[in-house]
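Q: Sharing a model prediction with you, sequence too.
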Amino acid sequence: MSMPSFESFESAALQEGFDEVIVRTWDPLTVLDTHTHPFGVKALVTQGEMWLTVGDSTQHLQAGDRFELAREVPHAERYGPQGATYWVARQNG
């Protein structure tokens, strides 16, 4: 599967009702303990790898993988030895 362009990811997200689309880059081996966000997200990992834990379930995500989280869902994040970059659409409203 080929990676879409950032512009096509952003355009599709805005059409789906997301109101902000940004690029997030995380340093190697960053760990974020359980937290929530006041917005829903839909994201596409573009470089590196990460582990996303929601409840008792952990997903290992690499370039090309997508994930979604509803607002206020408790989750933890851990990033690999090369860090990670992902494009994320946020739904604030």
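A: Great, that's in hand.

Q: Okay, strands next: where are they in the chain?
A: Ranges of strands within the chain are 20-26, 31-35, 40-54, 57-62, 66-69, 75-91, based on DSSP state E.

Q: quick one: low-confidence parts of this protein?
A: Along the chain, the parts satisfying pLDDT under 70 run over 1.

Q: which one is the residue most central in space within the chain nearest to, not counting chain neighbours?
A: Taking Cα atoms, centre = their mean as the criterion, Ala43 is the residue nearest the geometric centre of the chain, at 3.9 Å. For Ala43, ignoring the flanking residues on the chain, the nearest one in space by Cβ to Cβ, 6 or more residues apart in numbering is Val88 at 4.1 Å. All C-beta spots, glycine's among them, are computed from the backbone N, C-alpha and C.

Q: Run through the bridge partners of that neighbour.
A: Counting by DSSP bridges, Val88 is bridged to Ile22, Ala43.

Q: Among the strands of the chain, which comes closest to Met3?
A: Counting by Cβ to Cβ, Met3 lies closest to strand 40-54 out of the strands of the chain; the figure is 6.5 Å.

Q: which strands and helices sit next to that closest one?
A: Secondary-structure packing of strand 40-54 (3 or more Cβ pairs under 8 Å, 6 or more residues apart in numbering; DSSP states H and E): strand 20-26, strand 57-62, strand 66-69, strand 75-91.
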